[in-house]
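Visitor: here you go, sequence then predicted model.
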Amino acid sequence: MLHVRKNVEKEEKEYMFTPDNSTTPLFGSYESDHLLPRESINEKAINPNIAYQLISDEMMHDGNPRYNLCTFVQTYMEPEAKQVMVDAIATNAIDKAEYPQTTEVEKRCVNIIANLWNAPKNEQYMGTSTVGSSEACMLGGMAMKFRWRKRAQTLGIDINAKKPNLIVSSGFQVVWEKFCVYWDIELRELPMKSLNELYLDPKAAIAACDEYTIGIVPIMGITYTGTFDDIVALDKELEEYNKTAKISVPIHVDAASGGLYLPFVNPELVWDFRLKNVVSISTSGHKFGLVYPGLGWVMWRDKEYLPEELLFKVAYLGAFEPTFQINFSRPGSQIWAQYYNFVRWGKEGYKAVHERSRDVGLFLTKGLEKLGVFKILNSGENIPIVCWMLNEDEKRAWTEYDLADRLRYYGWQLPAYPLPKNLEDVSIMRVVVRADQSMEQMSLLLRDMKESIDYLNQHVTEKKVVKKTEDHVAGYSHTEKRLLKK
Ligand SMILES: Cc1ncc(COP(=O)(O)O)c(C=O)c1O
């Protein structure tokens, strides 16, 4: 987050922290009788046990991640996995020469994921780890932009006549807007048509293509709803378009959620490199890859799709290795944790863990249906992302936002947020069922949901217009909004 200096509410002096290295008990210590520094660092050191207690007490004011039902990222790993991460925390994944085994393990993960995504045997795939899907999407987008520019120049297209464009449904995650803003690209956003069609329309996507299109981005697990775009249909339409197009258009699949779920649970579903026009795919290791944040992966089906001018070299075992990353230093922990998971779970284990999450999601869906006030938009059958809205009831005076607020009373953080462009009048709620959520937890949620609904029915009897600010919505729904309006 970009932090902006705000006026401190009190005189800075009142926040000055001058410890005396006292040996009195933790909560009787001199330090616990003073405010922690807000603006300037304290002059003196304090004891680690006191520092730890004060800091962990400060942390207590965050929500409990296990109660955070809106987040996609892992909120639990086994003690052994945690230990692996702690063991690797001081390594730097970019120092290939100093930590060659981290590099080796990253390569093994790339191979494993390329195989899971059916990379063709007769092509030379390339891939890398990233900090998350956002960095992975940025890299995928940059590769498409640079490749388009080179080919356009060769084909005699005036690259300065228009901005290059990218085609995606309005269900895109904010990273694609960021990518377009940061790299000066026109975002061609195709509105999802209706509540029954929460995905990219392949024909509309083709109709939006022109000589300046760098690529189309279908999504496997739309952030809002968990629905999938039909990539087989898109690939087929694109195949026809590319036959006569002056410059062919590729597909980058944003599989942030689906990428490490589908290969285990539904390997027959075709969406990956089995489709000819899919040139790159990104995913989050910290979503259904079951690793703590932040880890992502991006893969190109062949080196042809990753322009060389984007690559940098680092020393590795007496030679040089190509790298493609926005960040430089970051710990090797997440890479090791991903490898631990691959070794620990294997295909069978991943399948079992994910299928259990799906069962828990379906259990939640059934319970929600029984409450009698919701319309289910995604049951969690395709991926454990359950999404619903209130059904029509003229008499009901409360909204999804009131329910989200009431659930906070029980500790649950469960988002209510509006759908994107074209459907923005519809508000929905979503639970991403993760591996650490059990039937028991979901039954407690349903119990609290029922109590919340009864409470709201009794206490909110008059419809009032409560203006929900963007901050409110974003705070709950794991979204980011642009500061400056377009
Ligand atoms: C479809 C999609 N793409 C990209 C992202 C960004 O992922 P990350 O949080 O791993 O950067 C998300 C996150 O929810 C997502 O759902």
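Guide: Thanks, I have the structure now.
Visitor: when you work out contacts or count neighbours from here on, use the C-alpha atoms and nothing else.
Guide: Noted.
Visitor: quick one: low-confidence parts of this structure?
Guide: Using pLDDT under 70 as the threshold, the predicted model of the chain has low-confidence ranges 1-26, 465-479, 484-486.
Visitor: got the residues of it near the ligand?
Guide: The chain has residues 132-134, 173, 219, 221-223, 254, 256, 284 near the ligand, with proximity defined as C-alpha under 6 Å from any ligand atom.
Visitor: so which of those comes closest to Asp95?
Guide: Distance from Asp95 was checked for each of the residues of the chain next to the ligand by C-alpha to C-alpha. The minimum falls on Gly132, at 19.3 Å.
Visitor: I figured that closest one hits Gly296, correct?
Guide: Yes: at 3.7 Å, Gly132 counts as touching Gly296 under the criterion of C-alpha atoms under 8 Å.
Visitor: got any residues that touch both of those two?
Guide: With contacts taken as C-alpha atoms under 8 Å, 6 or more residues apart in numbering, the residues that reach both Gly132 and Gly296 are 283-286.
Visitor: I'd like these as CSV, with secondary structure and distance to Leu483 appended.
Guide: Shown next, in CSV, are the shared contacts of Gly132 and Gly296 (DSSP: H, G, I helix; E, B strand; the rest coil; distance: C-alpha to C-alpha, whole Å):
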residue, secondary structure, distance to Leu483
Thr283, strand, 26
Ser284, strand, 25
Gly285, coil, 28
His286, coil, 27
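Visitor: give me the more crowded residue out of Gly132 and Gly296.
Guide: Neighbours were tallied for Gly132 and for Gly296 using other C-alpha atoms under 10 Å; the higher tally belongs to Gly296 (27 against 21).
Visitor: name the nearest residue to the residue of the stretch 201-350 of the chain found nearest the ligand, ignoring sequence neighbours.
Guide: For the stretch 201-350 of the chain and the ligand, the shortest gap (C-alpha to the nearest ligand atom) falls at Thr223, measuring 4.0 Å. Here the nearest residue to Thr223 in space, its sequence neighbours aside, is Gln173; by C-alpha to C-alpha, 6 or more residues apart in numbering that works out to 6.3 Å.
Visitor: just Leu446 next, same as before
Guide: Across the structure, with C-alpha to C-alpha, 6+ apart as the measure, the residue nearest Leu446 apart from its sequence neighbours is Gly367 (6.6 Å).
Visitor: what count of nearby residues applies to the one you found?
Guide: Other residues within reach of Gly367, judged by other C-alpha under 10 Å, total 18.
Visitor: let me know the secondary structure of it.
Guide: What DSSP: H, G, I helix; E, B strand; the rest coil gives for Gly367 is helix.
Visitor: quick check, it in contact with Arg447.
Guide: No: using C-alpha under 8 Å, Gly367 is not in contact with Arg447; the gap is 9.4 Å.
Visitor: returning to that earlier point: looking at the residues of the chain next to the ligand, which are in strands?
Guide: 254, 284 (DSSP state E).
Visitor: restricted to helices, list the residues of the chain next to the ligand.
Guide: Using DSSP state H, the subset of these located in helices is 133-134.
Visitor: sorry, back to before: what's the spacing between the residue nearest to Leu446 and Val386?
Guide: 12 Å (C-alpha to C-alpha, to the nearest Å).
Visitor: which stretches of the stretch 251-400 of the chain form strands?
Guide: 251-254, 278-284, 296-300, 312-316, 319-323, 374-378, 385-390 (DSSP state E, counting those that start in this stretch).
Visitor: with the stretch 101-250 of the chain instead?
Guide: Read by DSSP E, counting those that start in this stretch, the stretch 101-250 of the chain holds these strands, from start to end of the chain: 126-130, 165-169, 186-190, 213-217.
Visitor: from the residues of the chain next to the ligand, pick the one nearest Val110.
Guide: Distance ranking of the residues of the chain next to the ligand against Val110, using C-alpha to C-alpha, places Ser284 first at 12.9 Å.
Visitor: nearest residue to that closest one in space, please, no chain neighbours.
Guide: Here the nearest residue to Ser284 in space, its sequence neighbours aside, is Gly296; by C-alpha to C-alpha, 6+ apart that works out to 4.1 Å.
Visitor: test my guess that that neighbour contacts Ile281.
Guide: No: in this structure Gly296 lies outside contact range of Ile281 using C-alpha under 8 Å: 10.9 Å.
Visitor: any chance of the residues of the chain next to the ligand in TSV, with distance to Trp300 too?
Guide: As requested, the residues of the chain next to the ligand are arranged in TSV below (distance: C-alpha to C-alpha, whole Å):
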residue	distance to Trp300
Gly132	16
Ser133	14
Ser134	16
Gln173	21
Ile219	16
Gly221	20
Ile222	21
Thr223	23
Asp254	12
Ala256	15
Ser284	15
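Visitor: of the residues of the chain next to the ligand, just say which sits nearest to Trp148.
Guide: Looking across the residues of the chain next to the ligand and measuring by C-alpha to C-alpha, the closest to Trp148 is Asp254, at 18.8 Å.
Visitor: give the contact list for that closest one.
Guide: Counting by C-alpha under 8 Å, 6+ apart, Asp254 makes contact with 137, 217-220, 281-283.
Visitor: just the buried residues of those.
Guide: Buried subset of those (neighbour count, 16 or more other C-alpha atoms under 10 Å): 137, 217-220, 281-283.
Visitor: save the residues you listed as JSON lines, and put in distance to Asp272 too.
Guide: Formatted as JSON lines, the entries for the buried ones among the contacts of Asp254 read as follows, by distance: C-alpha to C-alpha, whole Å:
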{"residue": "Cys137", "distance to Asp272": "15"}
{"residue": "Val217", "distance to Asp272": "12"}
{"residue": "Pro218", "distance to Asp272": "11"}
{"residue": "Ile219", "distance to Asp272": "11"}
{"residue": "Met220", "distance to Asp272": "10"}
{"residue": "Ile281", "distance to Asp272": "8"}
{"residue": "Ser282", "distance to Asp272": "10"}
{"residue": "Thr283", "distance to Asp272": "12"}
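Visitor: sorry, back to before: let's see if you can find the most crowded of the shared contacts of Gly132 and Gly296.
Guide: Counting neighbours by other C-alpha under 10 Å, Ser284 leads the shared contacts of Gly132 and Gly296 with 33 neighbours.
Visitor: surely it touches Gly132?
Guide: Yes: at 5.3 Å, Ser284 and Gly132 qualify as touching, with contact defined as C-alpha under 8 Å.
Visitor: now list whatever residues contact both of the two.
Guide: Residues within reach of Ser284 and of Gly132 at once, by C-alpha under 8 Å, 6+ apart, are 295-297.
Visitor: what's the closest of these to Tyr410?
Guide: Proximity of these to Tyr410 was ranked by C-alpha to C-alpha; the top entry is Leu295 with 31.0 Å.
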